[in-house]
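Colleague: any chance you can model this:
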Amino acid sequence: MRSPARRMSDGRAAWMAAVAGASLPLGFAPFRLSLLIALSVAVLWCLWESRGPRSAARIGFAWGAGAFLTGTYWLYISIHIFGQAPIFLAVLLMLGLVAIMAVYPAMIGFGVARWAPGGLVRWLLVLPGAWVLVEWLRGWLFSGFPWLSLGYGMTDGPLRGFAPLLGVHGVSLATALLAGCLVGLFAGGRRARVVSATLVAVIVIAGQALATVHWTSPVDRDISVALIQGAVPQDRKWLPQQRQPTKDLYLGLTRAELGRDLVVWPEAAIPAVVSEETDYLETVLAEARGAGTTVVLGMLDRDPVDGRYFNSLLVLGDRQAVYRKRHLVPFGEYFPVPDLVREWMRLLSLPYSDISPGPAGQPPLPVAGVLAAPSICYEDAFGSEQLDFLPEAALLLNVSNDAWFGDSIAPHQHLQMARMRSLESGRHMLRATNTGISAVIAPSGAVIARSPQFETHVLIAEIRPHLGATPYVRTGNWAVLIIASFMVGAGCLRRRG
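Modeller: Residues are numbered from 1 along each chain as shown. Next up, the predicted model:
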């Protein structure tokens, strides 16, 4: 077995790992150089060869730091520029998240170096399985942060067909297997190269074949939709003098689309609490009902009993309903800090009022004669949470506010994650955002229509809702977790044997 990494010092290997990690985001939107994802991971795995557990952990941490520093730098924009937190706090929070995310590949490196055998068993069983298990863990531990999960980079690639079968983590598993094959082709002997080349062909052909399967069926009628993108700048949105112009903007754009089946406004489209704008909402409701239109809009809501605030989605039309956001953004919608720190944040004039999570078990929303699976902003990054509304819901509905991230790569990454939700469920996704990118996504994950960023725009489309259940809708993440666990277990037992 050839391993140039074994002749390289730990320090040099860590720097090379950091560079390889920094290239990972190029595989995701807006760059979409998806081959770089498997290549970046393969470089890391090569650097792990012949390393001890602690050395492998340091190299894994360097790779993770490079990946998340370049892939989530936009957190600084959100926290400092729009959140108005001091620079030192914005940098501290951003680097803190990067460090936490870098611990995950460090854990894999330590564990594999400590317990896994070498060769093909490591590259094609233990490492792909462990990577997916840790990726899943990263998606829910401490509220979860699923950004840069490998599978998201394959929405346009040959592996997307695995999504309706095993979800995003199934696509990640196929991608990790390709990375293992690259290691086998580069560092393995003749047998390893033959096995690796054969497995690459099998994975790609299987992914392409699965992409041609239609797991859900369209209903017998189309729905006419209009997605309203007001493009009110984030730094002006909540100014008192901006409220009336924003209300007039959304009502005027909606009046031009009355008669369509469904009109959707973005997250917190009106910068006010529901109880403050009852007359305005009654006007929207009356005009929507008169035209046979359902209007769905995002707005903050306050519980009159206990005073808690909720990030909500209101349905105005023949049937009225409310959805309250369940999965909140740490340090964005709530602040998981002790009271002493909270008081310090107040003295610094930082935002510190928490939004409360909505209850579990909320039903799908009735819109335009069908049921929709709702999500607000960050929630569409968690595929398993969408399953709570499926297979009853016939379409996916997301409202977002990516204005917090400015003209960065974050809105493009977020749209790519929304596309994965359509692939997993076999349903259209309607995505209305404040400043872009609003989009209509097909069950295949393809973007049917999208808005320009930072422009007032009304996105028009005709869609046909879909019913039925993909294998992923039926099993959730259990299937891929069982497969990944078996791979790791079989590989480690091989070493014990």
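Colleague: and Glu455, how many neighbours?
Modeller: 10 (other Cβ atoms under 10 Å). Quick note: C-beta positions are derived from backbone N, CA and C, even for glycine.
Colleague: surely Val213 is in contact with Gly161?
Modeller: Yes - under the criterion of Cβ atoms under 8 Å, Val213 lies in contact with Gly161, with a separation of 7.3 Å.
Colleague: so what's Pro330 scoring on pLDDT?
Modeller: Confidence per residue is given as pLDDT, and for Pro330 that number is 76.
Colleague: start to end distance for stretch 456-470?
Modeller: End-to-end distance of stretch 456-470: 36 Å, with Cα to Cα, to the nearest Å as the criterion.
Colleague: neighbour count: Val213 and Gly161, which is higher?
Modeller: With other Cβ under 10 Å as the criterion, Val213 and Gly161 differ in neighbour count, and Gly161 comes out ahead with 23 against 12.
Colleague: what's that one in contact with, if anything?
Modeller: Contacts for Gly161 (Cβ atoms under 8 Å, 6 or more residues apart in numbering) come out as 206-213.
Colleague: then Ala288?
Modeller: Ala288 is in contact with 254, 258, 263, 294-295, 316-317, counting by Cβ under 8 Å, 6+ apart.
Colleague: leaving out chain neighbours, which residue sits closest to it?
Modeller: Nearest residue to Ala288, sequence neighbours excluded (Cβ to Cβ, 6 or more residues apart in numbering): Val295, at 4.6 Å.
Colleague: that neighbour: what secondary structure?
Modeller: Secondary structure, DSSP: H, G, I helix; E, B strand; the rest coil: Val295 is strand.
Colleague: so what pairs up with it in the strands?
Modeller: With DSSP bridges applied, Val295 shows beta-bridge pairing to Val263, Leu316.
Colleague: quick one, helices of the stretch 151-300 of the chain?
Modeller: Counting by DSSP state H, counting those that start in this stretch, the stretch 151-300 of the chain forms helices over residues 163-187, 190-210, 234-237, 243-255, 278-291, given from the N-terminal end onward.
Colleague: quick one, which of those gets closest to Leu430.
Modeller: Checking these against Leu430 by Cβ to Cβ gives helix 243-255 as the closest, at 15.1 Å.
Colleague: check the helices of the stretch 151-300 of the chain for me: which has the lowest mean pLDDT.
Modeller: The stretch with the lowest average pLDDT out of those is helix 234-237, scoring a mean of 86.
Colleague: quick one: distance of that helix to the chain centre.
Modeller: Centroid displacement of helix 234-237 relative to its chain, using Cα atoms, centre = their mean, to the nearest Å, is 24 Å.
Colleague: going by neighbour count, list what's buried in that helix.
Modeller: Of the residues in helix 234-237, those buried by neighbour count under the rule 16 or more other Cβ atoms under 10 Å are 234, 237.
Colleague: list of residues touching it?
Modeller: By Cβ under 8 Å, 6+ apart, the surrounding residues in contact with helix 234-237 are 82, 242, 246, 271, 401, 403-404, 434-435.
Colleague: what residue is smack in the middle of the chain?
Modeller: The central residue of the chain, meaning the one whose C-alpha is nearest the mean C-alpha position (Cα atoms, centre = their mean), is Ala381 at 2.8 Å.
Colleague: tell me the contacts of that residue?
Modeller: Counting by Cβ under 8 Å, 6+ apart, Ala381 makes contact with 146-147, 414, 417.
Colleague: repeat for Ile59
Modeller: Residues in contact with Ile59, defined by Cβ under 8 Å, 6+ apart, are 10, 13-14, 17, 44, 47-48, 51, 109.
Colleague: tell me the angle the helix or strand harbouring Phe310 makes with helix 278-291.
Modeller: Secondary-structure assignment from DSSP states H and E places Phe310 in strand 309-316. Strand 309-316 runs at 30 degrees relative to helix 278-291, counting by axes from the mean of the first three to the mean of the last three Cα atoms, to 10 degrees.
Colleague: make 836 the first number, not 1, from now on.
Modeller: Renumbered: residue one is now 836, and that last one reads strand 1144-1151.
Colleague: please name every helix or strand in contact with strand 1144-1151.
Modeller: helix 1113-1126, strand 1129-1137, strand 1156-1159, strand 1200-1202, strand 1205-1211 (3 or more Cβ pairs under 8 Å, 6 or more residues apart in numbering; DSSP states H and E).
Colleague: could I get the average pLDDT for the third one?
Modeller: Per-residue pLDDT over strand 1156-1159 has a mean of 96.
Colleague: quick one: strands adjacent to that strand?
Modeller: Using DSSP bridges, the strands paired with strand 1156-1159 are strand 1144-1151 (antiparallel).
Colleague: hmm, who's touching the strand it pairs with?
Modeller: Strand 1144-1151 is touched from outside by 1102-1103, 1108-1109, 1116, 1119-1120, 1123, 1129-1138, 1155-1160, 1163, 1168, 1188-1191, 1193, 1200-1202, 1209, 1211-1212, 1232, 1234, with contacts defined as Cβ under 8 Å, 6+ apart.
Colleague: tilt between that strand and strand 1205-1211?
Modeller: Angle of strand 1144-1151 versus strand 1205-1211, following the same axes, to 10 degrees, is 150 degrees.
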